[in-house]
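Asks: here is my input, please return the structure:
(chains A, B and C)
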Amino acid sequence: MDGAMILEWVIKSIFLILVMTGGFAYVTLYERKVLARIQVRIGPNRAGPFGVLQPVADGIKLIFKEELVPAKADKLIFTLAPVLTVIPALIITAVVPWGTEVTLFGRTIKLYLADINIAVLYLMAVTSISIYGIALAGWSSNNKYATLGGLRATAQMISYELALGFAMIVPVMMAGSMSLVDIVESQKPVWFVFVQPLAFLIYFIAALAEINRSPFDMPEAEQELTAGYHTEYSGMKFALFFMAEYIKMIAISMIGSSLFLGGYRGPFVDQLPALGPLYLFIKVAIVLFVIIWIRATLPRIRYDRLMQFGWKVLFPLALLNVFVTGVVLILVGG
Amino acid sequence: MIPLSWYLIVAAGLFVVGIFGVLTRKNLIGILMGVELMLNAVNINLLAFWSYLYPQSLSGLTFVAVVFVAAAAEAAVGLALIISIYRRRTTVNAEEINLLRG
Amino acid sequence: MTPLQIVFLLVAAITLFSAVMVVSIRGMMHAALFLVLTLMGVAFMFATLGSRFFAIIQILVYIGSIAILIIFAVMLTRNIMDAEVASLNRGWWFFAPLALLIFASIVLVLSSWSAFATLRDLSSTSGENILEFGKALTDPNGFVIPFEVASVLLVAAMVGAVYIAMERRGGRG
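Replies: Predicted coordinates:
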């Protein structure tokens, strides 16, 4: 463990965090543009050419907003909750590989931050922590709508976490390893989405519910809960929740691409490793497009239906899928 | 290098604090938290013994896994009982739940 | 003192302090949050013991599920205990010295044990071999019986929890 190694890690971490936060800013713009196109509008086009400076303008606006703290709120937890929401979203992608390795300045650099042998467990652990921010935000606001929103979010995320976990186990079984690098490498002949379309579908639906995106954006249903767990938040604290939501969108797209869509793999990636991040970027952009498309198309599901769907349809299906995969793997002789 | 004794002392402290919580808390959920602290202390000890004395054996890891399962089962049943009691008597105070006192 | 030792002492202090807060602080929500901090400290200790797998499992099972369930229960039963005057029962002044006594006797008994101060360099170990562990759990000559018993326990607990917490309509229950 020499100094250059530590420096490399620090640079990679900072790079990852910058990509995620910068990505957050431009995913908001991407979402607004795509939504506008789907709804036959133009979308933001005033700030800069094609509106590319719009996220900056939004950020400046949010910084100058007043920060309100409700009178009887638990101040410490109220301040802590947005931070607790953002941190898991930022650290979850640490185990996702962007490519194999490139040579830069005469030094072979591996294009991933960490290749731990229990990466998928790490993903599940971080996902389960991300509930805290939302539950605590709802509780500490001392507001019944916020508390209800927080309770709903907690129940929803716990319910869909099971199906998500079972969907993530399937690629692990196929690859015979929990390391994401190994999982991506074992998709060299064929992407897992073609072998396991059901697992990918379950992963996608459960992940949408896990990050509270529409059609599962129950915790923030404006009509019923005014805004859900972040009702009382304003200014930068609200911006942090907003940021966490969009970073989580990027994160689940990256993880889904790596688990099922071949990650950084694509034509000629073995000859030219620098293509890896590009392929991953394209795949993430496509998955993000689908997420936004779903938001533009589908109405919100009623809360009891959402819980029923999670427990009575998605969870048994995911369990069955794991079981069948296991039986087939034994029969084939894997 | 950390000696084994440090882990054992921390685990003993955690265990004793857990006992204190179980014996003195009025809130049922608080009692449950004390039990969780005790189970965690047990797990630290088991893993410390595994790691320092028998790193080749898998028995220690199996013990830890079983303790995890027991903790999860205990938390689920315990909290279900607490919620059920709260529904019927609208209290989670252990001193007010005295139906069997006669 | 090596840096690892200093970090260990710091984390141990935080863990024990938050454990004390878990059993003594008045608000149940804060107690639950201190419990999370304690569990984090325990996860750190698992990691320093060379068990990455159980460190992650600690976060997944304890922090991600059990503590969340506890927080959920606190949120569902709230407004009752917040107004309460004392969160500890009358016997606490008796139990506090008793707890210290138990702690002292545990340490005393342990310190007379020959392996108490065992030193091992754990920094070189690469964590447990989870492949071996997984195979041993399903090996008839290994630990398949504890594994199955644990599974049965989980299923029984799940059914029991659902049955107990189920709302009975129209009956006295």
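Asks: what about the helices in chain B?
Replies: For chain B, the helices identified by DSSP state H occupy B:4-24, B:28-52, B:59-89, in order along the chain.
Asks: got the buried residues for the last one?
Replies: Within helix B:59-89, the residues that count as buried by 16 or more other Cβ atoms under 10 Å in any protein chain shown are B:60-86. In short, each C-beta sits where N, CA and C put it, glycine included.
Asks: show me where pLDDT drops low in the chain?
Replies: This is for chain A. By pLDDT under 70, the weakly predicted segments of chain A are A:1-2, A:104-107, A:218-227, A:334.
Asks: you answered for a different chain; I wanted chain C.
Replies: In the predicted model of chain C, residues C:78-87, C:121-128, C:168-173 satisfy pLDDT under 70.
Asks: right, and chain A sits closest to which residue of it?
Replies: Minimum separation of chain C from chain A (Cβ to the nearest Cβ) falls at residue C:64, amounting to 2.6 Å.
Asks: might one say that that residue is in contact with residue A:128?
Replies: Yes. Between residue C:64 and residue A:128 there is a contact at 2.6 Å, judged by Cβ atoms under 8 Å.
Asks: spell out which residues are contacts of both of these two.
Replies: Residues touching both residue C:64 and residue A:128 (Cβ atoms under 8 Å, 6 or more residues apart in numbering or on different chains) are residue A:161.
Asks: neighbours around residue A:268, how many?
Replies: Residues within reach of residue A:268, counting by other Cβ atoms under 10 Å in any protein chain shown, total 9.
Asks: my read: it touches residue A:275, true?
Replies: Yes. At 6.2 Å, residue A:268 counts as touching residue A:275 under the criterion of Cβ under 8 Å.
Asks: would you map the helices across chain A?
Replies: Counting by DSSP H, the helices of chain A are A:3-38, A:54-63, A:75-91, A:119-129, A:131-140, A:144-175, A:180-185, A:192-195, A:197-210, A:222-225, A:235-260, A:275-297, A:303-308, A:315-332.
Asks: straight-line length of stretch A:305-312, end to end?
Replies: Start to finish, the residues bounding stretch A:305-312 are 10 Å apart (Cα to Cα, to the nearest Å).
Asks: distance-wise, check the residue of chain C closest to chain A relative to residue A:154.
Replies: For residue C:64, the distance to residue A:154 (Cβ to Cβ, to the nearest Å) stands at 12 Å.
Asks: need the residues touching each of these two.
Replies: Common contacts of residue C:64 and residue A:154, defined by Cβ under 8 Å, 6+ apart, comprise residue A:131.
Asks: from residue A:24, how far out is the residue of chain B found nearest chain A?
Replies: Residue nearest to chain A within chain B: residue B:76 (11.9 Å; Cβ to the nearest Cβ). Counting by Cβ to Cβ, the gap from residue B:76 to residue A:24 is 36 Å.
Asks: do the same with residue C:75
Replies: Distance from residue C:75 to residue A:24, by Cβ to Cβ: 29 Å.
Asks: the two: who's more crowded?
Replies: Shown here are residue C:75 and residue A:24; by other Cβ under 10 Å, residue A:24 has more neighbours (23 against 19).
Asks: I figured that one was touching residue A:246, is that so?
Replies: Yes. Residue A:24 is within contact range of residue A:246, at 4.4 Å (criterion: Cβ under 8 Å).
Asks: returning to that earlier point: can I get the helices of chain B in JSON lines with mean pLDDT?
Replies: Shown next, in JSON lines, are the helices of chain B (pLDDT from 0 to 100):
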{"stretch": "helix B:4-24", "mean pLDDT": "89"}
{"stretch": "helix B:28-52", "mean pLDDT": "89"}
{"stretch": "helix B:59-89", "mean pLDDT": "87"}
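Asks: out of those helices, flag the one nearest residue A:316.
Replies: Among the helices of chain B, helix B:59-89 comes nearest to residue A:316, with 19.5 Å by Cβ to Cβ.
Asks: quick one, what contacts the one residue sitting closest to the centre of chain C?
Replies: Closest to where the C-alpha atoms of chain C average out (Cα atoms, centre = their mean) is residue C:39, at 5.9 Å. Contacts for residue C:39 (Cβ under 8 Å, 6+ apart) come out as B:36, B:40, C:58, C:59, C:62, C:63, C:67.
Asks: who wins for most neighbours among the residues you listed?
Replies: With neighbours taken as other Cβ under 10 Å, the top of those is residue B:40, carrying 28 neighbours.
Asks: spatially nearest residue to that residue (excluding sequence neighbours)?
Replies: Nearest in space to residue B:40, with sequence neighbours left out and distances taken as Cβ to Cβ, 6 or more residues apart in numbering or on different chains, is residue C:42 at 4.8 Å.
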